[in-house]
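> Whatever this is, show me its structure:
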Amino acid sequence: MKYRRLFGAAAALCFSTVAAASAATSWLDRKPVASWNKAGAAVPRAGKGDASNDARCASGARKPAAADDRRVVAAGWKLVGARQSFGATTVVQGAAGFDGMCRWAGYQAFVFVNGTYAGTLAPKAMDSRTDGALDTVHLASSNQFTADFVRYADTDPLCCPTRTSYVTYAIARGPVVRATEVTTTANAH
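Next comes the predicted model:
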């Protein structure tokens, strides 16, 4: 009997935590889009989190190729994904580590303009296969670009988010990255 009460209390706590997390509004759903980047800020430090730093995942990281890569690495990040540039603007992605299947964990995208850090593409680090995780960055010019973020409903399987949010960014004076518009659409399955 004692076991049933303990299990019931644990289950209720778990379900209430999930419901509370579901009720939280993502930064991608807020209107107007909040600003989190500040001109003159330093590259944020990588979090520790639960990320694995297993040697099997080392091939998922790349070596620094430029000064902005080295600044991201100096802040504790492992370089992941391709380095993208258009004119004076460069996007570098870094992860705190990898999950058990070598997917990026605690990752972020950093923007540099003429070598000056201009901000991140999301207000906090992301994890693969979670709501609001960065999927792709599209540089359209040196001062405007977009990024796609996966959107999961509570009932979505981890393979298949049902929505995508498309965020448009601009480089403001400073330089500083500003999200200017978010559009969310249903995915065709």
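
> Specify the local secondary structure of the residue nearest to residue 98 when sequence neighbours are not counted.
Closest residue to residue 98 apart from its sequence neighbours, by C-beta to C-beta, 6 or more residues apart in numbering: residue 57 at 3.9 Å. Glycine gets a C-beta too; all of them are placed from N, C-alpha and C. Under DSSP: H, G, I helix; E, B strand; the rest coil, the three-state class of residue 57 is helix.

> Test for you: state the pLDDT assigned to residue 57.
On the pLDDT scale, residue 57 is placed at 86.

> Same question for residue 24.
61.

> so the most centrally placed residue in the chain bridges to which residues?
Nearest to the geometric centre of the chain sits residue 126, at 3.7 Å (C-alpha atoms, centre = their mean). Following DSSP bridges, residue 126 is listed with bridge partners residue 107.

> so it touches residue 135, yeah?
No. With contact defined as C-beta atoms under 8 Å, residue 126 does not reach residue 135; the gap is 9.9 Å.

> How about the contacts made by the residue nearest to residue 98?
The contact partners of residue 57, by C-beta atoms under 8 Å, 6 or more residues apart in numbering, come to 97-98, 102.

> and it, how far is that from residue 126?
17 Å (C-beta to C-beta, to the nearest Å).

> on that earlier part again, now, the contacts of residue 57 that are in strands?
Judged by DSSP state E, these include 97-98 as members of strands.

> With neighbour count and pLDDT added, can I get the contacts of residue 57 in a markdown table?
Output for those, formatted as a markdown table (neighbours: other C-beta atoms under 10 Å; pLDDT from 0 to 100):
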| residue | neighbour count | pLDDT |
| --- | --- | --- |
| 97 | 23 | 90 |
| 98 | 24 | 90 |
| 102 | 16 | 89 |
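
> what's the closest of the contacts of residue 57 to residue 122?
Among the contacts of residue 57, residue 97 lies closest to residue 122 (C-beta to C-beta), at 17.4 Å.

> coming back round to it: list the contacts of the residue nearest to the centre of the chain.
Per C-beta under 8 Å, 6+ apart, neighbours of residue 126: 106-108, 132-134.

> Mind checking which of the residues you listed are buried?
106-108, 132-134 (16 or more other C-beta atoms under 10 Å).

> Show me which pair in those is furthest apart.
106 and 132 (13.4 Å).
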